[in-house]
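**Student:** here is a sequence together with a model predicted from it:
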Amino acid sequence: MKKRIVYLFLSVLWMIVIFSFSMQNGGESSGVSNQVILFIENITGIQLMHNQWISLDTIQFLIRKAAHMSEYAILAMLLYMFARESKIQSSFIFALIFSMLYACTDEFHQLFVNGRSGQWQDVFIDTSGSFLGLCVQQLWFVLKYKMQTGKRKVKKSIDKI
C-alpha cells in the first residue's frame, strides 16, 4: 500500500516536471538545449556548437527528441511500478497507454505556448520513449530475477557438497 502511494506521488510529480518543460516558450527551450550541448561538450571535449559536419539546429533537434524520449521513459517506468503495486492487470500496457495519453495532452498544451507547436510526431517519439523505458525496466527485472535464482542454485549446490 505504501509503495503504491509513493509511486503514484512520483508519477504525478514527474508529470508536473514534464508540464513545466512544456510551458517554456521556444526561446527558453532552445536555451536549455544549448546548455545541454555545452554540458556534453565539457564532458566529452567534442565541439558540437561549432561543428562543421552537423548544424547546430540538427544537434538541438536531436537533444530535444532525446529529452522527450527520456522524460517519457521515466514516466512510463514510474507508472508501471504504480500499476504493479496496485495489482493492475497488464501493468505494462497500462503504463504505455497512460503515457501515450499524457503525451497527447502535453502536445495539445504546447499549442498554446509561444514558439512551441503540438505535433503528432512528438507523441510518437514520447510513446516510443515510454516503450523503450518499459522494455529496459523489464529486462532489468528479468536479469535481477536470474541473478537471484542463480545465486540460490549455486548456494544449494555448494550446500550439497
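**Tutor:** All right, it came through fine.
**Student:** now the closest residue to residue 107 other than its chain neighbours: phi and psi?
**Tutor:** Excluding its sequence neighbours, the residue lying closest to residue 107 (CB to CB, 6 or more residues apart in numbering) is residue 118, at 3.7 Å. Where C-beta positions appear, they are placed from N, C-alpha and C, glycine not excepted. With angles defined as degrees, to the nearest 10, residue 118 shows backbone torsions of phi -80, psi 130.
**Student:** report the helix or strand with the lowest average pLDDT across the chain.
**Tutor:** Comparing helices and strands within the chain by mean pLDDT, DSSP states H and E singles out helix 26-44 as the least confident, with a mean of 78.
**Student:** packing partners of it?
**Tutor:** Using 3 or more CB pairs under 8 Å, 6 or more residues apart in numbering; DSSP states H and E as the contact criterion, the elements in contact with helix 26-44 are helix 56-85.
**Student:** about what we covered before: what's the burial count for the residue nearest to residue 107?
**Tutor:** Using other CB atoms under 10 Å, the number of residues around residue 118 comes to 17.
**Student:** please tell me how far it sits from residue 30.
**Tutor:** Distance check for residue 118 against residue 30: by CB to CB, to the nearest Å, it reads 17 Å.
**Student:** same question, residue 129
**Tutor:** Distance from residue 129 to residue 30, counting by CB to CB: 21 Å.
**Student:** who's more crowded, the two?
**Tutor:** Each of residue 129 and residue 30 has its neighbours counted (other CB under 10 Å); residue 129 has more, 24 against 17.
**Student:** and the more buried one, what does it touch?
**Tutor:** 68, 69, 70, 71, 72, 73, 76 (CB atoms under 8 Å, 6 or more residues apart in numbering).
**Student:** what residues are up against the closest residue to it other than its chain neighbours?
**Tutor:** Counting by CB to CB, 6+ apart, residue 69 is the residue found nearest to residue 129 once chain neighbours are left out, at 3.0 Å. Residue 69 makes contact with 125, 126, 128, 129, 132, according to CB under 8 Å, 6+ apart.
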